[in-house]
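A.B. asks: Pasting the sequence and the predicted coordinates here, then a few questions.
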Amino acid sequence: MSAAAEEWNRTTNGRGRVAESSEAEVARPVDRQYFLCVWALMIAGIVFVFSASFPQAGRPDALLLPGDAYRFVKEHSLYVALAFALMLVASRISPRRLRELMPWMVGIGLLLNGLVLFSPWGVELNGARRWLDLPGLPRFQPSEPMKIAFILLLAHVLAKKDERKLEGRVAGAWVLFIMGCVGVVLLMQRDQGMATIYASIMFALLFLSGVRLWSLAALVAGGLGLGLALAHSKPYRWRRIIAFLDPENAPPKDRYHILNMLIAQARGGVTGTGLGMSPDKWYSLPAAHTDSIFSVIACEFGLIGAIVVLVAFAVLTARGLKLAFGSDSSFGFYAAAGASALICLQALAHIAVNTSCMPVTGLTLPFISGGGTSLVSAAAAAGIVLAVSRHQRSCEA
C-alpha cells in the first residue's frame, strides 16, 4: 500500500470513509491560500499572454490591413473572467452534489466528443479532428472539459471500493475499462498527447487508492509500451520521438520546435531579457502564447522566473493534496486529488515539452497559456478542490 493510501486510511475509520460527525456536514469558506494562488496565476497569465502574443496579433493581415496587438489578450481576458466565475460556481457545489451530477457530465462529455468525430460541426486542423464549432458558440475542444467528468467518474468508482460497495479488483478493472474507452475516442481524434494526460491522471489516482506498487509499475510499463507502439504506427509521431532523442541530427522540420524553444530559454540566462523583450516570439518561436509560453517566460524572466513558475505549481499541488486528505468523504478525496493531479501533470508536461524532457505535443500551461477551453477546464478543476475545501473533517486546513 502506498504512503498516500496509508495516510488516508489512518485518518479514516478503516472503511475508506470518515466517521460520521456533525462537523463533517458543516460547509466552511473556501481555502484562502489555494484560491489566492489560482487567482495570482490567472492574473500572471494575462500579462504573459499579452507579452507573448502582441507580435503575432499586431502583424498586418493578408490584405495588409493593420493588426490589433491586443486581440489575443482581450480574448484571453474574457476567458479568464468566465473561468473565474466558473471556479466560484463550482466551489459552491458540495462533493455529494458533484457525485450526483457526475453521470450527466459524463454523458454530455461523450456526446460532445462524439459530435467532434461524427457530425459536420467537427473541425479538422493539421490532420487532427479535435475541435467542435457549434452554431452560436466559439470553437472549443471537448476533450478538455471531458477531463473533469473523467476525474469525477474515476473518483466515484474508487470511492465505491473504499465504501465496500465494490471489490478492489473489480474497481480496478472498471478504471482500466473507462480509460480504454476514453483513450480510443482521443486516439480517433489523433490526440495522443491528451490521452497521455488522461492516463497519467488515472495512474495518480490508482496510486492514491492504494494499488500495490509492483502492480502499478507493471501498468505504467504497459502504458509506456502501448504509447510507443501507437507512436510508431504514425510516422509523424515517430519523427517527434526521434527528434526528441537526437534533435541535432533530426530533419530541420522535426527539430524546429525543440531547438527554438531551447534557444529562447538559453537567451534568458539567469535574470532574463525583460518583460516584452524576447526576440524569439516575433518569428521563430512556435505558438508563443499557447504551447511555448513557458519558453517566453524563461526568456524574459530568466532562470529565476522559470523557477518561480515551478514553485507556484508545486505549492498549488501540495495545497490541493492537503485539502484532498482533509475531505470528509472518499469521493471528495479522490475528486480533489484527481483535480490537483490534472493541474500538476499538465503543467509538468508543458514544461517538459518546452525543456526537451519529452517529445513535442500541444499542451498548454494551466491558468497561464492562451486557449479558452483549457483555461476553463483548469478553473473547473480548481473549483472542485475549493468545493472539497469547504467540507473538511476539522477546522484545520
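C.D. replies: Sure, I can see it.

A.B. asks: Counting neighbours, what do you get for Leu323?
C.D. replies: 28 (other CB atoms under 10 Å). The way it works is simple: take the backbone N, C-alpha and C, and place the C-beta from them, glycine included.

A.B. asks: Buried ones in whichever helix or strand it is part of, by neighbour count?
C.D. replies: Assigned by DSSP states H and E, Leu323 belongs to helix 293-325. Across helix 293-325, burial judged by 16 or more other CB atoms under 10 Å covers 293-302, 305-306, 309, 312-313, 316-317, 319-325.

A.B. asks: Distance from the chain centre to whichever helix or strand comes after that helix, please.
C.D. replies: Next helix or strand after helix 293-325 toward the C-terminus (DSSP H and E): helix 330-354. In terms of CA atoms, centre = their mean, to the nearest Å, the centre of helix 330-354 is set 6 Å apart from its chain centre.

A.B. asks: how about the strands of the protein, start to end?
C.D. replies: Residue ranges of the strands in the chain, as given by DSSP state E, are 122-125, 128-132.

A.B. asks: and the ones you listed, which is most packed in?
C.D. replies: Highest mean neighbour count among the strands of the chain (mean count of other CB atoms under 10 Å): strand 128-132, with a mean of 18.

A.B. asks: Contacts for it next, please.
C.D. replies: The contact list for strand 128-132, computed with CB atoms under 8 Å, 6 or more residues apart in numbering, reads 112, 115-117, 121-123, 125, 139-143, 188-191, 194.

A.B. asks: one more time with 10 Å, if that's ok
C.D. replies: Around strand 128-132, the neighbours that count as contacts under CB atoms under 10 Å, 6 or more residues apart in numbering are 112-113, 115-119, 121-125, 139-144, 186, 188-192, 194, 362, 373.

A.B. asks: Just the buried subset of these, please.
C.D. replies: 112-113, 115-116, 122, 140-144, 186, 189-192, 194, 362, 373.

A.B. asks: gap between stretch 235-253 and the chain center?
C.D. replies: 25 Å.

A.B. asks: Could you export it as CSV, CA atoms only?
C.D. replies: Written as CSV, here are the backbone C-alpha positions of stretch 235-253 (Å, rounded to 0.1, in the frame of the first residue of the first chain):
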residue,chain,number,x,y,z
PRO,A,235,5.1,8.4,-39.0
TYR,A,236,4.6,12.0,-37.8
ARG,A,237,4.5,10.8,-34.1
TRP,A,238,7.6,8.6,-34.5
ARG,A,239,9.5,11.5,-36.1
ARG,A,240,8.8,13.6,-33.0
ILE,A,241,10.3,10.9,-30.8
ILE,A,242,13.4,10.7,-33.0
ALA,A,243,13.7,14.4,-32.9
PHE,A,244,13.4,14.4,-29.1
LEU,A,245,16.1,11.7,-28.8
ASP,A,246,18.5,13.4,-31.2
PRO,A,247,17.4,16.9,-32.1
GLU,A,248,20.7,18.0,-33.6
ASN,A,249,20.6,15.3,-36.3
ALA,A,250,16.9,15.3,-36.9
PRO,A,251,15.4,16.8,-40.1
PRO,A,252,15.0,20.6,-39.7
LYS,A,253,11.2,20.4,-39.8
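
A.B. asks: Check which residues of that stretch are buried.
C.D. replies: If you call a residue buried by 16+ other CB under 10 Å, then stretch 235-253 has these buried ones: Arg237, Trp238, Arg239, Arg240, Ile241, Ile242, Ala243, Phe244, Pro247, Ala250.

A.B. asks: what's the answer for stretch 334-354, then?
C.D. replies: Burial within stretch 334-354, assessed by neighbour count using 16+ other CB under 10 Å, is assigned to 334-351, 353-354.

A.B. asks: just stretch 165-181 next, same as before
C.D. replies: Buried residues in stretch 165-181, counted by 16+ other CB under 10 Å: Leu166, Ala171, Gly172, Trp174, Val175, Ile178, Met179.

A.B. asks: Let me see the contact set for Met188.
C.D. replies: Contact analysis of Met188 by CB under 10 Å, 6+ apart lists Asn113, Gly114, Val116, Leu117, Phe118, Arg129, Arg130.

A.B. asks: Ile101 touches Ile93, doesn't it?
C.D. replies: Quick fix: residue 101 is Leu, not Ile. Yes: the criterion here is CB atoms under 10 Å, and Leu101 meets it with Ile93 at 7.5 Å.

A.B. asks: neighbour-wise, which of those two wins?
C.D. replies: Between Leu101 and Ile93, counted using other CB under 10 Å, the more crowded position is Ile93 (16 against 13).

A.B. asks: Skipping its backbone neighbours, what lies nearest that one in space?
C.D. replies: Closest residue to Ile93 apart from its sequence neighbours, by CB to CB, 6 or more residues apart in numbering: Ala387 at 5.5 Å.

A.B. asks: Local confidence estimate at the one you found?
C.D. replies: Per-residue confidence (pLDDT) for Ala387: 95.

A.B. asks: What of the one 4 residues further on?
C.D. replies: On pLDDT, His391 comes in at 86.

A.B. asks: Ok, Arg139 next?
C.D. replies: Looking at Arg139, its pLDDT is 88.

A.B. asks: ok, now which ones touch the closest residue to it other than its chain neighbours?
C.D. replies: The spatial neighbour of Arg139 that comes closest, neighbours along the chain excluded (CB to CB, 6+ apart), is Asp133 at 4.7 Å. Residues counted as contacts of Asp133 (CB under 10 Å, 6+ apart) are Leu115, Val116, Ser119, Pro120, Trp121, Gly122, Val123, Arg139, Phe140.

A.B. asks: TSV please, covering those and showing distance to Val211.
C.D. replies: Putting the contacts of Asp133 into TSV (distance: CB to CB, whole Å) gives the following:
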residue	distance to Val211
Leu115	34
Val116	32
Ser119	38
Pro120	43
Trp121	39
Gly122	36
Val123	38
Arg139	38
Phe140	34
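
A.B. asks: Sweet, I'm off.
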